[in-house]
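1. what's the 3D shape of this:
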Amino acid sequence: MNMTKITNVEVIRLKAKQPSSPNYTWDQPVARPYDKYPESLYDKENWMAIGAGEVVVKITCDEGVYGLGSVGGYKLVPGDIVERQLKPLLIGKNPLQITKLWDAMFQTTIPVGRKGAAIEAISAVDIALWDLFGKLAGQPVYQLLGGRVRDDIPVYCTGSDYEYHKSIGCPNTKIPLPYGAIAGPDGLRKNVEYITKVREILGPDADIMIDCWMSLDLEYAIKLARAIEHLDIRWIEEPFIADNYDDYRRLRDILNPMGILVTGGEHEFTLYGVRDLIEKGCVDIIQTDIWRAGGVTELKNITAYASAHHMKVIPHDHGGAGPAALHVTLNSVNSPFAEVLMRNPDTSVFTNQPRPKNGVINVTDGPGFDYEINPDFGDIVD
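-> Residues are numbered from 1 along each chain as shown. Coordinates of the predicted model:
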C-alpha cells in the first residue's frame, strides 16, 4: 500500500479588514500587563495581534487534499519557524503519523523552543494535520478522537458586549477587566462600578467571570475580590503571569473560601507547563489555549492529565482556531462547557465558525474541521 506523503507546507499571511459591526470583543478599555509603558507598540486595535490579521498554515498531501491551521493572530515569527525549520522536516512524511511528527517538531525546536513562538508554530501545523486527517478519512476530527461525549456544548461568551450575549440567550459572560493594578485606586473603583453594572444587566442567575489578563498583583487582586464578593463572581481569570506560582496559590487560598475560583493556563505551553500549574495548586480550572498547548495532539494529553487530577479543562478561545478546540471539548469528559470569543464574524479567518445560541454551541459534521479560509477576512501579504 502506498504511503500518503506531505508535498507542500505553505504559510499564508493575511492582513485583516477592520470589524464592521458593533459587537466587537474589545470596545472598551482592557487591562494589559504593559499598560505601565505608554510608549508600547501595542494599541487597542492591534494588541496581542487580535484584529490585525492571521497567519495560516496549509499542508497538502500527494492526493491533493490539504489541511488548514493557524498560529492565533498576526504573529509573523511562528510563521517564519514553520517555513524555515518545520517545513523541511515535514516534506515527504506521512501526514497521518501525527504523534510522531509532533514529537519530531518539538525535539527539533528545543534549542529555540519549549515555549513561545516555536510551540505556536507546532500548534498550527498540528491543527492543519488533524484537519487533513479528517478530510482524508471523511470524518470530523472529534470522531477521529473517539466521538462525542455530549450532543451540544454549554458555553459562556467572552467580550464586552454582554447585552448582546444576553440577547442571543447566552447570558453567561466573561468580561475583560478594564483597569489593572497600575491604574491604582481610581481604576479599582471604575472596575467595581463596571462589574456591578454587568451584574445588574445580566441579572442574578448569569455566571460572570473576570479576565484580568496578567495585569494584577496579589494585593490588588485581593482588594478587587473583596470589593466584588457580593456580586457572586464565578471566577477571576489569569490575574498574574503564568510563572507566578506562589501568588496564584496564595490568591486561590484566599478566594476559594469566598466562593470565587481562580483560573488560568491561557499563556502556558504544553503539558509540561500545565503540569506545573496543577501540581503547585495554582488554579481551579485549566484554560489552555490550543495555539499554545501544542495543537490538538497536546491538548488531548493535557485533558487526560487534568482528568487524572479531577480538574476541568476549558480551552481558551482565541477566535480563529475555535473549531479545533471545540472538537477536543466534544470528546473530553472533563470539559463540560466551552468559551466562545465573541468576535465580529468578519474577523474570523475561517468559514463555518460555530456561533452560540441559547446557551450552547456545536460544530458541523463535515470532514476535518470543515472550514476554509474566509475570502472576506483580509488580503494576503508577503
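
2. so what's residue 125 up against?
-> 9, 57, 59, 69, 82, 86, 90, 101, 105, 295 (C-beta atoms under 8 Å, 6 or more residues apart in numbering). (C-beta placed from N, C-alpha, C; glycine too.)

3. next: residue 210.
-> Residue 210 neighbours (C-beta under 8 Å, 6+ apart): 174-175, 177, 195, 224, 228, 233, 235-237.

4. can you redo the residues you listed as TSV with pLDDT and secondary structure?
-> Output for the contacts of residue 210, formatted as TSV (pLDDT from 0 to 100; DSSP: H, G, I helix; E, B strand; the rest coil):
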residue	pLDDT	secondary structure
174	97	strand
175	96	strand
177	97	coil
195	99	helix
224	99	helix
228	99	helix
233	99	coil
235	99	strand
236	99	strand
237	99	strand
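
5. now, which of those sits nearest residue 202?
-> Comparing the contacts of residue 210 against residue 202 with C-beta to C-beta picks out residue 175 as the nearest, at 9.7 Å.

6. what's the local residue count around that closest one?
-> 22 (other C-beta atoms under 10 Å).

7. which SSE is immediately downstream of the top strand by length along the chain?
-> Scanning the chain for the strand with the most residues, using DSSP state E, yields strand 6-16. Elements were assigned by DSSP states H and E; along the chain past strand 6-16, the next helix or strand is strand 53-61.

8. so in that sheet, which strands flank the helix or strand that that following strand is followed by, and in what orientation?
-> Next in sequence after strand 53-61, counting helices and strands by DSSP H and E, comes strand 66-70. Under the criterion DSSP bridges, strand 66-70 sits next to strand 53-61 (antiparallel) in its sheet.

9. quick one: the strand it pairs with to strand 6-16, angle?
-> Orientation check (axes from the mean of the first three to the mean of the last three C-alpha atoms, to 10 degrees): strand 53-61 against strand 6-16 gives 160 degrees.

10. what's the average pLDDT for strand 53-61?
-> Regarding strand 53-61, the rounded mean pLDDT is 95.

11. what about the residue nearest to residue 278 when sequence neighbours are not counted, how many residues nearby?
-> Excluding the flanking residues, the one nearest residue 278 by C-beta to C-beta, 6 or more residues apart in numbering is residue 309, at 5.3 Å. By other C-beta under 10 Å, 11 other residues sit near residue 309.

12. from memory residue 309 sits against residue 277, does it?
-> No. Counting by C-beta atoms under 8 Å, residue 277 is not a contact partner of residue 309; they are 10.4 Å apart.

13. tell me the buried residues in the longest helix along the chain?
-> Ranked by residue count and defined by DSSP state H, the top helix of the chain is helix 117-137. Neighbour counts over helix 117-137 (16 or more other C-beta atoms under 10 Å) mark 117-136 as buried.

14. cool, and stretch 52-69?
-> Buried residues in stretch 52-69 (16+ other C-beta under 10 Å): 52-61, 65-69.

15. now tabulate the contacts of residue 210 in TSV and tack on distance to residue 371.
-> Formatted as TSV, those follow (distance: C-beta to C-beta, whole Å):
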residue	distance to residue 371
174	24
175	28
177	31
195	35
224	38
228	38
233	34
235	30
236	33
237	27
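
16. which pair in the residues you listed spans the largest distance?
-> 174 and 224 (15.3 Å).

17. just the pLDDT for residue 378.
-> 86.

18. need the contact list for residue 278.
-> With C-beta under 8 Å, 6+ apart, residue 278 has these contacts: 286, 305-306, 309, 311.

19. coming back round to it: what angle sits between the longest helix of the chain and strand 6-16?
-> 120 degrees.

20. which SSE is immediately downstream of helix 117-137?
-> helix 141-144.

21. need the mean per-residue confidence for that following helix.
-> 98.

22. now it: how far from the chain's centre is it?
-> 20 Å (C-alpha atoms, centre = their mean, to the nearest Å).

23. for the next helix-or-strand element following it, name the packing helices and strands.
-> The helix or strand immediately downstream of helix 141-144 is strand 153-158, counting by DSSP H and E. Strand 153-158 is packed against strand 173-176, helix 322-331, strand 338-341, strand 360-361, with contacts defined by 3 or more C-beta pairs under 8 Å, 6 or more residues apart in numbering; DSSP states H and E.

24. and among those, the most buried is which?
-> The highest mean neighbour count among those, using mean count of other C-beta atoms under 10 Å, belongs to helix 322-331: a mean of 26.

25. what sits up against that helix?
-> By C-beta under 8 Å, 6+ apart, helix 322-331 touches 69, 127, 130-131, 140-142, 145-150, 153, 290, 295-296, 299-300, 303, 314-317, 335, 338, 340-341, 350, 352-354, 361, 363, 369-371.

26. now do stretch 103-120
-> Under C-beta under 8 Å, 6+ apart, the answer for stretch 103-120 is 71-72, 75, 77-78, 81, 85-86, 89, 121-122, 125, 269-270, 272-273, 291-294.
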